[in-house]
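Asker: Here is my input, please return the structure:
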Amino acid sequence: MKVLWLCNVMLPILAGEFGLEASNKEGWVMGLADRLLEHQGENKIELAIACPAPGELFSGEQTVLTRECTYRGRRLYGFCFREDTVRPEVYDSSLEERMGEILQAWQPDVVHCFGTEFPHTLAMCRAMPEKRRLLLGIQGLVSVCALAYYADLPEEVIRHNSFRDTLKKDGLRQQQEKFLRRGEMEREAVSLAKNITGRTALDRYYTEKWNPDAVYFKMNETLRRPFYEARWEEGQCRPHSIFFSQGDYPLKGLHYLLEAMPRILAEYPDAEVSVAGNSLVGYSTLKEKLKISGYGQYLRRLIRRNRLEGKVNFLGKLDCEQMRAQYLRSSLFLCGSSMENSPNSLGEAMLLGMPCISADVGGVPDVFTPGVDGIGYRGFRDPDIDFYTLGRGEAPGTNRVREENLEFSAQASRLADAVLAMWGASREKQAYYCENARNHALATHDGDRNFAELLEIYGQITGGEE
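Answerer: This next block holds a predicted model:
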């Protein structure tokens, strides 16, 4: 069976072959690739991976590059195609020709697209002649995330643009508009696919709404190997330290945590926050002052107003091993997003068996059980996201306080309550949470089972053909 994977980022498998830096994102795809290649011979699967690459890699009119690669002694084929990855909200119809060229070169029995919100995914869905052999893997549901993008920010913050925002035409309103445009591509891609993989009630609800004729397969994700190989220990972490895996844009909810910190510090003066990813608040050089976003300026205001100088550390980009080390040295992991499908960062923390707190949003309840795996709290609500009203039995229009900033403050208060409850719990209670979280994650992210399910899905799509 010949399988083509269409990925959103350059996987480490291909990066060396094309002389490019590997991405730390989509680590679970890499975990799945490891297993497929390990069992390549017995499963008779020939794998090709296609992904976008920067334009400077290509020469002249060239738009697709090919390589035959060897990874851990296993053979696979790689395709890189030219795409403007800086503007994923803009659809380029010429991508359809590139996808057609790759299809012609590889002649796959199954095309498996990882992610739904990128131009290349829609181009592949349009270019693929046999839609019954097309498998679309749901990741973050950008259509739904767009509706929760502002995450209860005050209206004046949403309207405000920094110099950088104005120059780049990339203020918060424009950022949400880009999400909405990508959501349009996502919905069309889902409508074209005959087969869909997902893992939560949230993604099943929306994909069945957008394409009731598609076959939906449930398949959980296999995470990066290092997170199966370590265990969090209370004695090895810094007391009262919170790890926040990403704060680059409002959807991730860092502002909720900064607003909650004064209450947390009142009881635990040594508390501190570490945030992975780029710092949005740098302001010490002229370049940083010119590059700061409006949201970054607001985070700086919260830090100053709440006297958090020295309490919030931005760690920069971390690779897999650095991320694992940060989880292990933190006393709890917090997922404070306004919307998630199934956050892999929460899964990684649970796999390590560390204390976890999460807002109960989107698909989180499918992977994290509040009161059993850790502490949950009521997250973002909006009647426009009808999954909440239809899927959870809440009355439309009654589940969100729309008065400016009231829900933001309430959300921050619930977050603070959850952190204080975790740190105030007995050692026995924390150990109970940690053990349950690890066992739950080991079942959800069971690599052998997930791999077997993937092979079964491929078999059903091809009707057992090799």
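
Asker: For Ala260, give its distance to Leu192.
Answerer: According to Cβ to Cβ, to the nearest Å, Ala260 and Leu192 sit 43 Å apart. Where C-beta positions appear, they are placed from N, C-alpha and C, glycine not excepted.

Asker: Between these two, point out the one with more neighbours.
Answerer: Ala260 (26 against 18; other Cβ atoms under 10 Å).

Asker: what pLDDT does the more buried one get?
Answerer: pLDDT, the model's per-residue confidence, is 98 for Ala260.

Asker: how about it, what does it touch?
Answerer: For Ala260, the set of contacting residues under the criterion of Cβ atoms under 8 Å, 6 or more residues apart in numbering consists of Ala412, Ser413, Leu415, Ala416, Val419.

Asker: before we move on, which element is it in?
Answerer: Following DSSP states H and E, one finds Ala260 within helix 254-267.

Asker: Could you do Gln430 as well?
Answerer: Element membership for Gln430 (DSSP H and E) is helix 427-444.

Asker: Show the average pLDDT along that helix.
Answerer: The average pLDDT for helix 427-444 rounds to 97.

Asker: related to what we said a few turns ago, list the buried residues of the helix holding Ala260.
Answerer: Of the residues in helix 254-267, Leu254, His255, Tyr256, Leu257, Leu258, Glu259, Ala260, Met261, Arg263, Ile264, Leu265 count as buried by neighbour count, 16 or more other Cβ atoms under 10 Å.

Asker: Let me know the closest of those to Lys287.
Answerer: Using Cβ to Cβ, Leu254 is the member of the buried residues of helix 254-267 that sits closest to Lys287, with 22.3 Å.

Asker: The closest one touches Leu299, doesn't it?
Answerer: Yes: with contact taken as Cβ atoms under 8 Å, Leu254 and Leu299 are classed as touching, separated by 6.5 Å.

Asker: Can you work out which residues contact both of the two?
Answerer: Counting by Cβ under 8 Å, 6+ apart, the contacts common to Leu254 and Leu299 are Gly247.

Asker: could you measure the nearest residue to Thr116 once chain neighbours are set aside against Phe79, distance?
Answerer: With Cβ to Cβ, 6 or more residues apart in numbering as the measure, Glu186 is the residue that lies nearest to Thr116, at 4.3 Å, once sequence neighbours are left out. For Glu186, the distance to Phe79 (Cβ to Cβ) stands at 22 Å.

Asker: Between the two, point out the one with more neighbours.
Answerer: Neighbours of Glu186 and Phe79, each counted by other Cβ under 10 Å, are more numerous for Glu186; the result is 29 against 23.

Asker: helix, strand or coil for that one?
Answerer: Of the three states, Glu186 takes helix under DSSP: H, G, I helix; E, B strand; the rest coil.

Asker: what residues are up against it?
Answerer: Shown in contact with Glu186 (Cβ under 8 Å, 6+ apart): Thr116, Glu117, Thr121, Leu122, Leu141, Val142, Ser143.

Asker: And these, which two are furthest apart?
Answerer: Comparing all pairs in the contacts of Glu186 by Cβ to Cβ, the longest separation belongs to Leu122 and Leu141, at 15.1 Å.

Asker: can you count the residues close to Leu47?
Answerer: Residue crowding around Leu47 was assessed by other Cβ under 10 Å; the count is 24.

Asker: Go ahead and list the helix or strand containing it.
Answerer: Taking DSSP H and E as the definition, one finds Leu47 inside strand 46-53.

Asker: Just the mean pLDDT for that strand, thanks.
Answerer: Mean per-residue pLDDT for strand 46-53: 91.

Asker: And for stretch 133-142?
Answerer: Model confidence over stretch 133-142, given as mean pLDDT, is 93.

Asker: Likewise for stretch 226-246?
Answerer: The average of the pLDDT scores along stretch 226-246 is 95.

Asker: Need the distance between the two termini of it.
Answerer: 19 Å (Cα to Cα, to the nearest Å).

Asker: show me what contacts Met339?
Answerer: Neighbour list for Met339: Val144, Cys145, Leu147, Ala148, Leu251, Val361, Gly362, Phe380, Ile385 [criterion: Cβ under 8 Å, 6+ apart].
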